[in-house]
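Q: I would like to see how this sequence folds:
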Amino acid sequence: MFKLIVFTNRHLVKGDLINKLERLCEAGADRIVLREKDLSEDEYFSLALKAFGKIKEKLTIHTHYKVAVKLGVKSVHLPLEDFLKMSAEDKAFFSEIGVSCHSYYDAKSAESAGASYITVGHIYETDSKKGLRPRGAQLIKEITSLVGLPVYAIGGVSPDKINELLSSGASGACVMSSAMNAYSEVDFVKSFFAPLDLREKLKLYAVASSPLTSEELLLDGVKKVLQSGARIVQLRLKETPREKIKEIGLKVKALCASFSALFILNDDYSLALEIGADGVHVGQSDESVSSVRANAPGGFIIGATAKTVEQARKAEEMGADYIGSGAVFKTKTKGNALPLKLEDLKLITSSVNIPVVAIGGINETNASSLGGLGISGIAVSEGLFKAGNAASSTKKLLEIAKKIIK
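A: Below is the predicted model of the structure:
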C-alpha cells in the first residue's frame, strides 16, 4: 500500500506547526516525521511532547531516539550513521525504524542492520538540495530490486511523479516543503493519492456505447454496472447529435456521482467541461492531449488511445493520465480495428509510467488471458452491456481484473 510520509520543517509553516500536522493527519497523511534538526535535544523534547498529544498514532521521532523512548513513541527515523551505532537493546524498543539512505550500499547496510524501511533521495530536483544533481527514479528501481525493505522516495516529490515512483517499485513518497506550505491540507493529500485512486477505479472500465443499446437500456445498464462495483464509466456515442450526448451525459454523470464513480466522455473535450465530466478520452484523430491539458482545470482526467509504444510515450509526455490500448480481441464497437498483439500491448505497458487499460472484445471468457501484461485495467463494452446480465458480468469481470492486475 502506497504511503505518504511528511517530514517537518517548522520554519516553513505559517501559523502553528502542531495544528498543521494535526490537519495533515486528518487529511490522510500516513506518518509525520518530526525532523527539526536545528533544535537541541531538550528543545526537541518539548516540541515532540506537544506533537505527541495531538498525533501520537502517526508520530515518528527523527534522530533523537532517546526522546522517543521517554515519550513511548515506537517509531523512529535515523540517519544511517546513527542507526548503525545503535545497540541491539536500543533497537529492540522500537516497532519501526526508518533509515535515510543515498545509495544501494547504504540500503544494504540498513537492511542488514535491521531497518524496517528506508528513504532514498534526493530523487528529483528540490530547493533544499540546490546545486546537487538528483538521483532519479532509476535509483529507486535498482534498490527495490535488490533489497526486501519498503523503499520511500524523498526529495522533490510531487503528485505528477507518483506514477513514475509506482513503476519504480516505491512503497511511498516523502514530502516536506510542499506539505508545510500547503494552503489546504485536504487538497494537498488528495492530490498525492489521486493517481492511486484512478488506478483502482481503472481496473474495470465500463464503456457505454451507442450501437449497443437504446438510451433507456443504456442508462439501466450503467446503473447496474455501478451497483455491481464498476467505478469508472465512459460514454461513447459516436453517431449521436451533440445535444443528445449532452442530455444523456448529464444523466450518466448523475448516476456516476451517486456511486462516487468517475464519468469520462469520449472525444468531445469542450462538451466534457460543459457537462462537468471528470475527464475526457481522446483518440489519435481528436484534439491533442497537450491542447486539452493546457486548458483543462486541475484534476481533470485525460485518457488517450495508443496502439504503439511511440504513441503511448507521446501521450504520457503531453500529460495523459492513462492510456487505452487495443483492440486486443475482435469487437463490434470497433469493427475496422486491427487486433493489437498481446506482445505489443506488453511493450506499451512497459514503456510508460501511467496506467494502460486494455480495450476491445474483452469478456468473461478471455479477460484472464490478459494477465502478466502489465495492464492496469480492462475496458469493457459489449461484455457488460450486451452480456444479458450487466450486474453478474460486472461482478465476474471485476473479480478477474483484481486477479490479473497487480
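
Q: What are the buried residues along stretch 222-240?
A: For stretch 222-240, burial by neighbour count (16 or more other C-beta atoms under 10 Å) applies to 222-226, 228-237, 240. To be clear about C-beta, it is placed using only N, CA and C from the backbone, and glycine gets the same treatment.

Q: Please list the members of those that lie in helices.
A: Using DSSP state H, the members of the buried residues of stretch 222-240 that fall in helices are 222-226.

Q: Going by distance to residue 371, which of those wins?
A: residue 225 (21.9 Å; C-beta to C-beta).

Q: OK, contacts around that closest one?
A: 206, 233, 384-385, 390-391, 394 (C-beta atoms under 8 Å, 6 or more residues apart in numbering).

Q: what about it, distance to residue 322?
A: 19 Å (C-beta to C-beta, to the nearest Å).

Q: One more: residue 2?
A: Taking C-beta to C-beta, one finds residue 2 at 17 Å from residue 322.

Q: okay, those two: which has more neighbours?
A: Using other C-beta atoms under 10 Å as the criterion, residue 2 and residue 322 rank with residue 322 on top: 27 against 17.

Q: Verify the stated contact: the more buried one with residue 353.
A: No: between residue 322 and residue 353 there is no contact under C-beta atoms under 8 Å: 10.8 Å.

Q: so after the lowest-mean-pLDDT helix or strand in the chain, what's the next helix or strand?
A: Lowest by mean pLDDT, DSSP states H and E among the helices and strands of the chain is helix 382-385, with a mean of 87. On the C-terminal side of helix 382-385, the nearest following helix or strand under DSSP states H and E is helix 390-404.

Q: Pop the domain breakdown of the chain in here.
A: The chain breaks down into these domains under automatic domain parsing: 3-194, 203-404.

Q: Check the ones you listed for me: which has the lowest mean pLDDT.
A: The weakest mean pLDDT among the domains of the chain belongs to domain 203-404, with a mean of 93.

Q: Now do residue 180 against residue 194, distance only.
A: Remark: distance between residue 180 and residue 194 (C-beta to C-beta) = 20 Å.

Q: For residue 208, give the beta-bridge partners.
A: When bridges are called by DSSP bridges, residue 208 pairs up with residue 235.

Q: Run a quick check on it versus residue 240, I expect a contact.
A: No: when contacts are counted by C-beta under 8 Å, residue 208 is not listed as touching residue 240 (11.5 Å).

Q: Got the phi and psi for residue 204?
A: Here the main-chain torsion angles of residue 204 (degrees, to the nearest 10) amount to phi -130, psi 110.

Q: wait, what's in contact with it?
A: 229-232, 377-378, 380, 394, 397-398, 401.

Q: How about it: which residues does it bridge to?
A: Beta-bridge pairing of residue 204 under DSSP bridges involves residue 378.

Q: contacting residues for the residue nearest to residue 7 when sequence neighbours are not counted?
A: In space, and not counting its chain neighbours, residue 7 is closest to residue 176: 4.3 Å by C-beta to C-beta, 6 or more residues apart in numbering. Residue 176 sits next to 6-9, 12, 35, 128 when contact means C-beta under 8 Å, 6+ apart.

Q: mind redoing it with 10 Å?
A: Contact analysis of residue 176 by C-beta atoms under 10 Å, 6 or more residues apart in numbering lists 5-9, 12, 33, 35, 126, 128, 154-157.

Q: Give the buried subset of these as a ChimeraX selection command.
A: Buried members of the contacts of residue 176, defined by 16+ other C-beta under 10 Å, are picked up in ChimeraX with:
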select :5,6,7,8,9,33,35,126,154,155,156,157
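
Q: From what I see, residue 182 and residue 158 are in contact.
A: No: with contact taken as C-beta atoms under 10 Å, residue 182 and residue 158 are classed as non-touching, separated by 11.9 Å.

Q: Residues that sit against both of these two, list them.
A: The contact sets of residue 182 and residue 158 overlap at 175, 191 (C-beta under 10 Å, 6+ apart).

Q: and the two? which has more neighbours close in?
A: For residue 182 versus residue 158, neighbours defined as other C-beta under 10 Å are more numerous around residue 182 (20 against 13).

Q: Name the nearest residue to the more buried one, sequence neighbours excluded.
A: In this structure, residue 182 finds its nearest non-sequential neighbour in residue 188, 3.7 Å apart by C-beta to C-beta, 6+ apart.

Q: tally of neighbours for that neighbour?
A: Number of residues near residue 188 (other C-beta under 10 Å) recorded here: 22.

Q: show me the contacts for it.
A: Counting by C-beta under 10 Å, 6+ apart, residue 188 makes contact with 4, 6, 23-24, 27-29, 159, 175, 178-179, 181-182.

Q: Just among the residues you listed, which is most surrounded?
A: Ranking the contacts of residue 188 using other C-beta under 10 Å puts residue 6 first, with 28 neighbours.
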